[in-house]
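Visitor: 3D model of this:
(4 chains)
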2 protein chains.
Amino acid sequence: MAGSSQSLTRSPRPDNRRELLLDAAARLFSDEGFHAASMRDIAKAAGMLSGSIYYHFESKEELLLAIYEEGARRLAEAVENAIARETDPWARLEAACAAHLGGLIAHRDYARVMIQTPPDAGGSVESRIRDLRRRYEARFRALIEALPAPGDIDRRYLRMLLFGALNWSPVWFRPERDSPETVAKQFIAMLRRSLN
Amino acid sequence: MAGSSQSLTRSPRPDNRRELLLDAAARLFSDEGFHAASMRDIAKAAGMLSGSIYYHFESKEELLLAIYEEGARRLAEAVENAIARETDPWARLEAACAAHLGGLIAHRDYARVMIQTPPDAGGSVESRIRDLRRRYEARFRALIEALPAPGDIDRRYLRMLLFGALNWSPVWFRPERDSPETVAKQFIAMLRRSLN
DNA sequence: CTTCGCACCAAGCAATCGTTTGCTATGCAC
DNA sequence: GTGCATAGCAAACGATTGCTTGGTGCGAAG
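Guide: Here you go, the predicted structure:
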């Protein structure tokens, strides 16, 4: 009985390398893609043998799901903290965008796995991944719904425009040139005037 | 001496199935991903055996490159035709966006292969793919440079915002609900006012 | 001092991978 | 009708894949 649910057993040891394993897998999934990265490569990057991974995760797909969950958790936490400090709807949206962008950089490997894994990836974990994706997007949907004065612009297209641009950013974003706050401010500035 | 360059030999027969093979490969690469789709699956979808693919393409990566080239050619052609009918800079950009979106739908499989294949995919064809990508993006860069009155907005961020949103559109676009022209019009309308 | 669960290692399983090889049937050119 | 290029088929190659199994060192609990 391996896996991540150690419910009725003893607590994990302090030298547990599950987190290290997750980082290594995220790195390789991000760089090479899910199918191109082998369990042997992942194990080697974490300093163990391929069979040992199955003590921590039931399958390669469950490993992917765990990365997705951890990435979504981190991003959601960053966004939640950011919008809690603002009250104005536009400021909240801008803060959320900056936090989202910042999270894509800070947790680059996890984020790229999330973005590159298509919603129709198939497999047994597909529905659970789609659920995580939907739940995270709901946050942004709510922020955009809260904006005043829709005007003649469809909120749905505004959401797609903004969310698409944000998720595409790992392709072009250069940390030494751009800052999350600057990009978010510019993006929001371009859109804000269209709703007045 | 197989491969796509039949320079000094005879012309292909009318029953040549290279195009059918390319369509099948695009379909499978798009649906399952490059590594998940096997040469045997592709061959079966095209009604042949896996070894027969190597008469038309030297390797799996060359097959990917051929799909990328064909997709880029079709998209570029659509964009070129669309902007030729317009003179106003904003109208030209909107027409290019509509053509780009229309191309993503009309050649869905080819387009998704292009978008999902990351610029740092690695392998021997990586540089050639990056080149195709860069050349296509240069079209949009020129259209945005031609816009009047930059104002206080950085053209680079405008380009990233728009291009990111366009390339993310296959995720949410529903042909029965949206039309490329409508989406392009809405997107441009949201951005246009910010430059005045 | 014994026991037990944690966190692995070492070895190997069947299956599948991209690719190569030898051969063949078809059709056009001369 | 002979010669050659086209467009495959049939079968196999070594390598790699995700995963399983049996065992083991170790630290803590009794």
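
Visitor: Just give the nearest non-adjacent residue to residue A:60, would you?
Guide: residue A:39 (6.1 Å; Cβ to Cβ, 6 or more residues apart in numbering or on different chains). Where you see a C-beta, it was placed from the backbone N, CA and C, and this is true even at glycine.

Visitor: Now do residue A:121, the pLDDT please.
Guide: Here, the pLDDT recorded for residue A:121 equals 69.

Visitor: meant to ask about residue A:15
Guide: Looking at residue A:15, its pLDDT is 70.

Visitor: Return the distance of it relative to residue B:176.
Guide: Relative to residue B:176, residue A:15 is positioned 55 Å away (Cβ to Cβ, to the nearest Å).

Visitor: tell me the contacts of residue A:176?
Guide: Shown in contact with residue A:176 (Cβ atoms under 8 Å, 6 or more residues apart in numbering or on different chains): no residues.

Visitor: any idea how far it lies from residue A:105?
Guide: As judged by Cβ to Cβ, residue A:176 and residue A:105 stand 11 Å apart.

Visitor: Isn't residue A:30 up against residue A:108?
Guide: Yes. Shown here, residue A:30 and residue A:108 form a contact pair, counting by Cβ atoms under 8 Å, at 7.1 Å.

Visitor: between those two, which one's more packed in?
Guide: Using other Cβ atoms under 10 Å in any protein chain shown as the criterion, residue A:30 and residue A:108 rank with residue A:30 on top: 22 against 16.

Visitor: what about the host helix or strand of the more buried one and DNA strand D, touching?
Guide: Assessed by DSSP states H and E, residue A:30 sits inside helix A:18-32. No. Using Cβ under 7 Å from any atom of the strand, we find that helix A:18-32 stays clear of DNA strand D, coming within 9.4 Å at best.

Visitor: Take the helix or strand following that helix, keep the C-alpha atoms, and write them as PDB.
Guide: Following helix A:18-32 in sequence order, the next helix or strand is helix A:39-45 (DSSP H and E). The C-alpha coordinates for helix A:39-45 follow below in PDB (Å, rounded to 0.1, in the frame of the first residue of the first chain):
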ATOM      1  CA  MET A  39      10.700   7.600 -14.600                       C
ATOM      2  CA  ARG A  40      14.300   6.600 -14.700                       C
ATOM      3  CA  ASP A  41      15.300  10.200 -15.600                       C
ATOM      4  CA  ILE A  42      13.200  11.600 -12.800                       C
ATOM      5  CA  ALA A  43      14.600   9.100 -10.300                       C
ATOM      6  CA  LYS A  44      18.100   9.800 -11.300                       C
ATOM      7  CA  ALA A  45      17.600  13.500 -10.900                       C
END
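
Visitor: Helix A:39-45 near DNA strand D at all?
Guide: Yes. Helix A:39-45 lies within reach of DNA strand D by Cβ under 7 Å from any atom of the strand, at A:39, A:40, A:41.

Visitor: Could you check that helix and say which residues are buried?
Guide: Buried residues in helix A:39-45, counted by 16 or more other Cβ atoms under 10 Å in any protein chain shown: A:39, A:41, A:42, A:43, A:45.

Visitor: Just the angle for the helix ranked longest in chain A relative to helix A:18-32, thanks.
Guide: The longest helix of chain A (DSSP state H) is helix A:60-84. Helix A:60-84 and helix A:18-32 are oriented at 90 degrees to each other (axes from the mean of the first three to the mean of the last three Cα atoms, to 10 degrees).

Visitor: Tell me how far the helix or strand following helix A:60-84 lies from the chain's centre.
Guide: Going down the chain from helix A:60-84, the next helix or strand is helix A:89-106, by DSSP H and E. Distance of helix A:89-106 from its chain centroid, counting by Cα atoms, centre = their mean, to the nearest Å, is 13 Å.

Visitor: can I assume residue A:158 is in contact with residue B:189?
Guide: No. Contact criterion Cβ under 8 Å: residue A:158 and residue B:189 do not qualify, at 10.4 Å.

Visitor: Quick check: neighbours shared by the two?
Guide: Common neighbours of residue A:158 and residue B:189 (Cβ under 8 Å, 6+ apart) are residue A:194.

Visitor: Now for the nearest residue to residue A:100 once chain neighbours are set aside: which residues touch it?
Guide: Excluding its sequence neighbours, the residue lying closest to residue A:100 (Cβ to Cβ, 6+ apart) is residue A:166, at 5.5 Å. Neighbouring residues of residue A:166 by Cβ under 8 Å, 6+ apart: A:97, A:100, A:101, A:104, A:187, B:164.

Visitor: out of these, what pair is the most spread apart?
Guide: A:104 and A:187 (13.6 Å; Cβ to Cβ).

Visitor: so residue A:161, which of the three states?
Guide: Here residue A:161 is recorded as helix under DSSP: H, G, I helix; E, B strand; the rest coil.

Visitor: Tell me the confidence at it?
Guide: pLDDT, residue A:161: 96.

Visitor: That one contacts residue A:194, correct?
Guide: No. Between residue A:161 and residue A:194 there is no contact under Cβ under 8 Å: 10.0 Å.

Visitor: what sits in contact with each of those two?
Guide: With Cβ under 8 Å, 6+ apart, residue A:161 and residue A:194 have common neighbours residue B:190.

Visitor: So which other helices or strands are in contact with the helix or strand that contains residue A:140?
Guide: Assigning secondary structure by DSSP H and E places residue A:140 in helix A:126-145. Helices and strands touching helix A:126-145, by 3 or more Cβ pairs under 8 Å, 6 or more residues apart in numbering or on different chains; DSSP states H and E, are helix A:60-84, helix A:89-106, helix A:155-168.

Visitor: Flag every buried residue along it.
Guide: Per 16+ other Cβ under 10 Å, helix A:126-145 contains these buried residues: A:126, A:129, A:132, A:133, A:136, A:139, A:140, A:143, A:144.

Visitor: ok, now how distant is the last one from chain B?
Guide: Shown here: residue A:144 relative to chain B, a distance of 12 Å by Cβ to the nearest Cβ, to the nearest Å.

Visitor: Might one say that that residue is in contact with residue A:160?
Guide: No. In this structure, residue A:144 is not within contact of residue A:160 by Cβ under 8 Å, at 10.1 Å.
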